[in-house]
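K.L.:
What follows is a protein structure lacking sequence information:
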């Protein structure tokens, strides 16, 4: 029952369409009509500007922090935080309020990982920044960032639940990449093997 409650709460919190609402509030535009159609913070930044992106980012951070807090209050164990974060990421990616549309849950994931293991977040961030500085390729760096998540969580968490959760954290990203592409690539005209940098 506790697991089911965590899943339901996580999904509902994650499904709040922060990027969509922020874009609508500031520009009157449906973010799903721009770029890849993904309602993410990155898409808002690319197509709406800094102010709506900052608001969307703050809301996503709040959603991630709220999930961690709820898991702590209800259970107080790391596994509960992993469960609620997985559900929130899937809620963000396939929101009931956007009829199955949404973002990728990366900000929720990063927020949750920060509370679970700051070292894991440093490793994950480094797996994006180092390749980006060396190659200037957003697409490659973004892929490496997501591939590193399960390994970083396994290294810092030490048990099988952590890399499993990490794999579930990043699965929506790869599904969305495969189905609709990447907003930075679309906006910048970057190909998967090109040398332009992303944000």
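P.N.:
Sure thing, it's come through. Just so it is clear, the structure is predicted and the values come from calculations on it, not from any experiment.
K.L.:
Which strands and helices lie in contact with the host helix or strand of residue 121?
P.N.:
Here residue 121 sits within helix 118-135, counting by DSSP states H and E. Applying 3 or more C-beta pairs under 8 Å, 6 or more residues apart in numbering; DSSP states H and E, we find helix 118-135 packed against helix 106-116, helix 138-157. To be clear about C-beta, it is placed using only N, CA and C from the backbone, and glycine gets the same treatment.
K.L.:
Quickly, which of those bottoms out on average pLDDT?
P.N.:
Sorting the helices and strands packed on helix 118-135 by mean pLDDT places helix 138-157 lowest, at a mean of 91.
K.L.:
Low-confidence stretches in this protein?
P.N.:
The model of the chain has pLDDT under 70 over residues 186-199.
K.L.:
what about residue 49, how many neighbours?
P.N.:
Residue 49 has 13 neighbouring residues, counting by other C-beta atoms under 10 Å.
K.L.:
how much space between it and residue 24?
P.N.:
14 Å (C-beta to C-beta, to the nearest Å).
K.L.:
show me what contacts residue 156?
P.N.:
Contacts for residue 156 (C-beta atoms under 8 Å, 6 or more residues apart in numbering) come out as 117, 119-120, 123, 162.
K.L.:
Please apply the same query to residue 149.
P.N.:
By C-beta under 8 Å, 6+ apart, the contact list for residue 149 reads 109, 113, 124, 166-167, 169-170.
K.L.:
Just give the closest residue to the spatially most central residue of the chain, not the sequence neighbours.
P.N.:
Taking C-alpha atoms, centre = their mean as the criterion, residue 106 is the residue nearest the geometric centre of the chain, at 1.2 Å. The shortest distance from residue 106 to any non-neighbouring residue, by C-beta to C-beta, 6 or more residues apart in numbering, is to residue 173 (6.7 Å).
K.L.:
isn't that neighbour right up against residue 108?
P.N.:
No - the criterion here is C-beta atoms under 8 Å, and residue 173 misses it with residue 108 at 11.6 Å.
K.L.:
all helices of this structure, in order?
P.N.:
Ranges of helices in the chain, per DSSP state H, are 2-15, 18-27, 41-48, 50-74, 78-93, 106-116, 118-135, 138-157, 161-180, 183-188.
K.L.:
Can you tell me which of these is nearest to residue 34?
P.N.:
Closest to residue 34 of the helices of the chain, according to C-beta to C-beta: helix 41-48, at 4.0 Å.
K.L.:
Now do the buried residues in the closest one.
P.N.:
Within helix 41-48, the residues that count as buried by 16 or more other C-beta atoms under 10 Å are 41-48.
K.L.:
List of residues touching it?
P.N.:
Helix 41-48 is contacted by residues 18-19, 22-23, 26-27, 29, 31, 34-36, 52-53, 56-57, 60, 103, 106-107, 183-184, 187, 199 when judged by C-beta under 8 Å, 6+ apart.
K.L.:
Thank you kindly, that will do.
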